[in-house]
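Participant: coords below, sequence missing:
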């Protein structure tokens with residue numbers, strides 16, 4: 001029988017050199033957890049070199065894994081939780097680093113001279129950028145369900161407000177396009193940084209810990225999004241929701257590098273029916289801090305800029321502890337959902353306050 005797992009510590013670090021960022025975030029998380037370097041026997045590194053992180057701290061590890069694709073962070077964290085639940089490790093550090101900025105204005109975003117393998121299916125059409133894949137998904141959704149740009153705009157508008165920025169519907173509708181029907185406000189601009197969490201068995205995690213009550217992860221059968229009959233978020237969410245009936249009230253921390261990712265997760269988590277996300281978003285206050293489905297109250301990627309996906313798990317912990325500062329909800333939530341990834345790879349966690 002697997003043991004209950006909890007997040008016992010969380011930390012963030014400002015943008016900078018990848019290893020320096022990773023080290024700062026890990027130190028902050030270990031300090032927050034009241035855990036020492038000698039206790040750590042597991043490491044998940046995302047976007048940075050795992051052996052270098054282990055060497056920086058002198059970790060003696062029994063379990064180590066790493067991913068470099070941003071969309072794989074959610075599923076990888078679920079696998080790290082599984083390792084702790086199975087008793088493979090006692091103290092596992094997950095660290096996620098984003099350190100590569102967007103190309104400067106005018107750079108060739110689609111420039112590929114040759115392509116082979118899976119990429120050769122898209123490269124001849126200039127569709128080697130994730131933005132194009134997402135734009136095609138949005139266009140298909142609009143044609144099928146009638147989602148309007150004004151409804152989709154609610155996601156970046158709320159994100160900007162939560163981050164303390166002004167963005168109006170007029171600003172959104174008149175913004176430069178990226179790929180039809182997406183505009184510049186539908187994709188987060190990369191700012192970088194690092195985030196880390198410490199996973200431990202719930203029985204040893206301490207009073208400030210947050211329990212991982214449920215989890216789910218999935219990968220697509222093909223690297224081509226259009227060949228996935230059931231998107232990874234839908235399958236991951238089905239695992240999390242199995243025999244649950246529905247999510248308890250709480251806060252949503254959804255990876256919103258693209259605004260449409262929120263639409264995908266709202267439906268995957270059964271917070272609305274297929275094709276009904278537009279109706280949810282049309283109600284102006286539904287996803288605000290005081291709404292029925294508070295979304296990324298600190299601003300998320302769209303509000304603050306593209307940061308590590310694991311930063312959303314850190315925010316969930318802080319919200320549930322009432323330590324989130326200016327982004328804190330009026331009533332600290334008893335539970336939260338962290339949902340990360342897109343069509344090809346996804347992972348989600350249902351977190352609950354311990355005790």
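Facilitator: Ah, there it is. Here the structure is a predicted model, which is why all the values come from computation and not from measurement.

Participant: from memory residue 52 sits against residue 17, does it?
Facilitator: No. Residue 52 is not in contact with residue 17 according to Cβ atoms under 8 Å; the separation is 11.2 Å. In this view, the C-beta of every residue, glycine as well, is placed from N, C-alpha and C.

Participant: These two: who's more crowded?
Facilitator: Neighbour count, other Cβ atoms under 10 Å: between residue 52 and residue 17, residue 52 has more, with 13 against 10.

Participant: Setting aside sequence neighbours, what's the nearest residue to the more buried one?
Facilitator: residue 19 (5.6 Å; Cβ to Cβ, 6 or more residues apart in numbering).

Participant: Going by contacts, tell me the helices and strands next to the helix or strand harbouring that neighbour.
Facilitator: In this structure, residue 19 sits in helix 18-33 according to DSSP states H and E. With contacts taken as 3 or more Cβ pairs under 8 Å, 6 or more residues apart in numbering; DSSP states H and E, helix 18-33 sits against strand 5-13, helix 50-57, strand 92-98, strand 193-201.

Participant: For the ones you listed, give me TSV that also has mean pLDDT.
Facilitator: Converted to TSV, the helices and strands packed on helix 18-33 look like this (pLDDT from 0 to 100):
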stretch	mean pLDDT
strand 5-13	97
helix 50-57	97
strand 92-98	97
strand 193-201	97
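
Participant: how about the helices of the stretch 51-200 of the chain, start to end?
Facilitator: Listed in chain order, the helices of the stretch 51-200 of the chain (DSSP state H, counting those that start in this stretch) span 73-85, 130-145, 149-162, 169-173.

Participant: Give me the contact list for the shortest one.
Facilitator: Judged by Cβ atoms under 8 Å, 6 or more residues apart in numbering, the contacts made with helix 169-173 from elsewhere in the structure are 149-150, 153, 156-157, 183, 185.

Participant: circling back to that earlier point, format the helices and strands packed on helix 18-33 as CSV; extra columns: distance to residue 65.
Facilitator: Shown next, in CSV, are these (distance: least, Cβ to Cβ, whole Å):
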stretch, distance to residue 65
strand 5-13, 16
helix 50-57, 7
strand 92-98, 10
strand 193-201, 13
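
Participant: what helix or strand does the residue nearest to residue 279 when sequence neighbours are not counted sit in?
Facilitator: For residue 279, ignoring the flanking residues on the chain, the nearest one in space by Cβ to Cβ, 6+ apart is residue 272 at 7.0 Å. For residue 272, there is no enclosing helix or strand under DSSP H and E.

Participant: Residue 272 contacts residue 282, correct?
Facilitator: No. Using Cβ under 8 Å, residue 272 makes no contact with residue 282, being 11.2 Å away.

Participant: Would it be right to say that residue 278 lies in a helix?
Facilitator: Yes. Per DSSP: H, G, I helix; E, B strand; the rest coil, residue 278 lies within a helix segment.

Participant: what about it, neighbour count?
Facilitator: Look at residue 278: counted by other Cβ under 10 Å, it has 19 neighbours.

Participant: got it, and residue 165?
Facilitator: Neighbours of residue 165 under the rule other Cβ under 10 Å: 14.

Participant: Distance check, it against residue 319.
Facilitator: Residue 165 is 20 Å from residue 319, where distance means Cβ to Cβ, to the nearest Å.

Participant: again with residue 342
Facilitator: 24 Å.

Participant: returning to that earlier point: which among the contacts of helix 169-173 gets closest to residue 9?
Facilitator: residue 156 (31.4 Å; Cβ to Cβ).

Participant: Contact partners for the nearest residue to that closest one once chain neighbours are set aside?
Facilitator: Distance criterion Cβ to Cβ, 6+ apart; nearest residue to residue 156, sequence neighbours excluded, is residue 185 at 4.3 Å. By Cβ under 8 Å, 6+ apart, the contact list for residue 185 reads 153, 156, 160, 167, 171-172, 175, 259, 302.

Participant: Most neighbours among those, which one?
Facilitator: If you count neighbours using other Cβ under 10 Å, the busiest of those is residue 302, which has 29 neighbours.

Participant: which other helices and strands contact whichever strand or helix holds that one?
Facilitator: Using DSSP H and E, residue 302 sits in helix 300-304. Secondary-structure packing of helix 300-304 (3+ Cβ pairs under 8 Å, 6+ apart): helix 149-162.
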